[in-house]
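Undergrad: Build me a model from this:
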Amino acid sequence: MGKVRHSRFDCTPGCSVEAAIALIDGKWKSVVMFHLMDGTLRFNEIRRKIPGVTQRMLTNQLRELEEDGLVVRKVYAQVPPKVEYSLSALGVSMGPVLLALRNWGDANIGRFGKPHVATSTADEVETPPEVA
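TA: A predicted model of the protein is given here:
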């Protein structure tokens, strides 16, 4: 049995943030959704794009995303079975949030022990000074 999700949101000032985060709170969910922003992918295509995820974990994350209405799973009746995953309309609406997270991560990745590789000087975001 999986975790209890979306148990209650009491509409305190942060409840809408809590609700949004609850939908993408798995280790790989937002990464999967980010890759699906480029279009429909099969299971093994997703797995190749995310080399650190296990088959079991990816299966569980995709099931939860489908259950929450963020991902659509399409099964083709053929042998061998063909299954494709794509973002639902609700999942597509998370696109700007995922892009904002990526941009923030690109701008701040150096703070977390990994070197930042600049992709373009035109789109660079100014990083605030270190806080002591």
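
Undergrad: What segments of this protein are helices?
TA: In the chain, the segments counted as helices under DSSP state H are 15-23, 29-36, 43-49, 55-67, 89-93, 95-108.

Undergrad: Pull out the buried residues from the third one.
TA: Judged by neighbour count using 16 or more other Cβ atoms under 10 Å, the buried positions of helix 43-49 are 43, 46, 47. Yep, even glycine has a C-beta here, placed from its N, CA and C like the rest.

Undergrad: CA atoms only for the lowest-mean-pLDDT helix or strand in the chain - export them in PDB, please.
TA: In the chain, no helix or strand scores lower on mean pLDDT, DSSP states H and E than helix 15-23, which sits at a mean of 86. Below are the C-alpha coordinates for helix 15-23, written out as PDB (Å, rounded to 0.1, in the frame of the first residue of the first chain):
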ATOM      1  CA  CYS A  15      -2.400  25.100   1.600                       C
ATOM      2  CA  SER A  16      -2.400  25.800  -2.200                       C
ATOM      3  CA  VAL A  17       1.400  25.400  -2.100                       C
ATOM      4  CA  GLU A  18       1.000  22.200  -0.100                       C
ATOM      5  CA  ALA A  19      -1.500  20.800  -2.600                       C
ATOM      6  CA  ALA A  20       0.800  21.600  -5.600                       C
ATOM      7  CA  ILE A  21       3.900  20.100  -3.900                       C
ATOM      8  CA  ALA A  22       1.900  17.000  -2.900                       C
ATOM      9  CA  LEU A  23       1.300  16.200  -6.500                       C
END
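
Undergrad: ok so, going back, could I get the helices of the chain in CSV, plus columns for distance to residue 74?
TA: Shown next, in CSV, are these (distance: least, Cβ to Cβ, whole Å):
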stretch, distance to residue 74
helix 15-23, 21
helix 29-36, 12
helix 43-49, 12
helix 55-67, 11
helix 89-93, 14
helix 95-108, 20
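
Undergrad: Of all the ones you listed, which one is nearest residue 83?
TA: helix 43-49 (6.0 Å; Cβ to Cβ).
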